[in-house]
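S.K.: need the 3D shape of this:
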Amino acid sequence: MARKIAWLSSVIPPSVVGLEESVAKSIEVVESPPAWMCLECRGAKLLCGKPVCPIIVKAQSMARQVVPMTKDEIDGSSPPGVFVGRHGYPKVSIGPMVPARFGDTAILDTPEDWLGRPLDQIVDYRFSLVRGNSRASVDEAANPGRLLSSLQELAMSARPVDAELKLTKPPRKILTLSEDTQPYGPSAPLDRFKLGTASADRRIERAHYDRDMKASEAIEDLYSGGVLVTRIQKAFSLGMFGNGARRKIVPTRWSITAVDSTISLGLLERVKHNPTIDEFRVYGFRAYDNQYVAILLPEPWRFEWIEAWFPNTTWNQFSSSPYMIGDFEEYFGRTKYARVGGCYYSTRLAVTEALQREGRQAAAIVLRETYPGFIMPLGVWNIRESIRKMMAEPFERHETFGAALGSALSKFVIPRAKWVGESVLISRELSQTKITSY
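M.R.: This next block holds a predicted model:
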């Protein structure tokens, strides 16, 4: 829990951040565990073990934004961007996201185009969007009021839309002293929201106005029609699909996983009818100080995802050894939510996409090592796009699982024994004798 709010200038000297005193005093800081480390470090000692202070990166990005913090009106072109919070469920915070500039702002909220861009540029995208917040019951999607209807119209737009935000007070630049939080822009309670003329994406519009189509069918149809996954997620979060009387607003965080899961399950229905690949394959990819590896086996569908977070990374700040966590599914899938969270489903989506493109199926073991250079969470999009990129790259061919495993694990730092001990599918593959061996 947050303990209090201070000013950045009282936490990190403005000279360390490279800001003027007045700019540093415009950024509020929420102190939350492990705030004691940040307060002792003050951006200079790098006690967290990272090569760059994530707090300084965020603060400098906030300072670069042109949003006037003394104004309660923000005019600009929404990418389009919307947000639904989860706190207080079933009464949640909803609202538009608008930058203080006009023009083609689509890149600001299109994660499909972010992979490979500098980290500070991605943080800039996040911090440039001002959020206007208003409370709404999740059941309102069945009979949308004026604000929700406007947000749904925004989410349907095929391109950036000019918009006006009238806030009840100037937006606050709040920086959390925790690496567990993704960067989000300034926000304030919403007074009024005026949307300019929007050019609707007819594919999303048709799904929205079909109040008899199931939400899962709408998601799969839009994906098959070429709509970006993140666009589908925005519309789904605003309760725009499904039986009209049963529609609900869904927090953004939940909608991301729901859409990734639904699309990948739909793809799997087709992938499982495909012939298996003919060899053992190894894929590799590295981005933002994360090393990814995938091993594909010439067998019917199974899937496993394991993450290994090194010391001084987001989810492993106090241990002296890597923290490993993962989950798996058999041919017929799983019934419980994966304990590793949304990354499981975004990875499964990327793998099933690649298999369906090729018209094959395989068992897939996907592994990730995260090093201290990965200084802050970027969002599930980072995993989905990284695995998509990896699965589109050339792969190694091997005749045996042993050879494939040796090559795959040679790309990692963690010893083979630890991966074998953590992975259900690897240990099973090494210990079981197959009929083809006779």
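
S.K.: strands along the stretch 201-350 of the chain, start to end?
M.R.: 280-287, 290-297, 302-309, 323-329 (DSSP state E, counting those that start in this stretch).

S.K.: quick one: closest of the ones you listed to residue 165.
M.R.: Nearest to residue 165 among the strands of the stretch 201-350 of the chain is strand 280-287 (33.8 Å), distances taken as CB to CB. No exception for glycine: its C-beta is placed from N, CA and C like everyone else's.

S.K.: least confident secondary structure element in the protein?
M.R.: helix 35-41 (a mean of 56; mean pLDDT, DSSP states H and E).

S.K.: the next helix or strand after that one: which residues count as buried?
M.R.: For helix 35-41, the succeeding helix or strand toward the C-terminus, using DSSP states H and E, is helix 54-64. In terms of neighbour count (16 or more other CB atoms under 10 Å), helix 54-64 has its buried residues at 54-63.

S.K.: reformat the residues you listed as CSV; add distance to residue 330.
M.R.: Output for the buried residues of helix 54-64, formatted as CSV (distance: CB to CB, whole Å):
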residue, distance to residue 330
54, 38
55, 43
56, 46
57, 42
58, 42
59, 47
60, 47
61, 44
62, 46
63, 51
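
S.K.: longest single helix anywhere in this protein?
M.R.: What stands out as the longest helix in the chain, according to DSSP state H, is helix 252-271.

S.K.: I'd like to know which elements that helix is packed against.
M.R.: When contacts are defined as 3 or more CB pairs under 8 Å, 6 or more residues apart in numbering; DSSP states H and E, helix 252-271 sits against strand 82-84, helix 215-224, helix 229-237, helix 342-358, helix 380-392.

S.K.: residue closest to the middle of the chain?
M.R.: residue 380 (2.3 Å; CA atoms, centre = their mean).

S.K.: circling back to that earlier point, in TSV: the strands of the stretch 201-350 of the chain, plus mean neighbour count, distance to residue 11 and mean pLDDT.
M.R.: Formatted as TSV, the strands of the stretch 201-350 of the chain follow (neighbours: other CB atoms under 10 Å; distance: least, CB to CB, whole Å; pLDDT from 0 to 100):
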stretch	mean neighbour count	distance to residue 11	mean pLDDT
strand 280-287	20	30	98
strand 290-297	22	29	98
strand 302-309	23	26	97
strand 323-329	19	28	96
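
S.K.: so for the strand or helix carrying residue 364, mean pLDDT?
M.R.: For residue 364, the host element (DSSP H and E) is strand 363-370. The pLDDT scores in strand 363-370 average 98.

S.K.: state the distance from residue 195 to residue 269.
M.R.: Here residue 195 is placed at a distance of 38 Å from residue 269 (CB to CB, to the nearest Å).

S.K.: can you pull the buried residues of stretch 154-164?
M.R.: Applying 16+ other CB under 10 Å to stretch 154-164 flags 154-158, 160-163 as buried.

S.K.: and which of the residues you listed is nearest to residue 335?
M.R.: When the buried residues of stretch 154-164 are ranked by distance to residue 335 (CB to CB), residue 155 comes first, at 30.7 Å.

S.K.: correct me if wrong: the closest one contacts residue 78.
M.R.: No - the criterion here is CB atoms under 8 Å, and residue 155 misses it with residue 78 at 9.8 Å.
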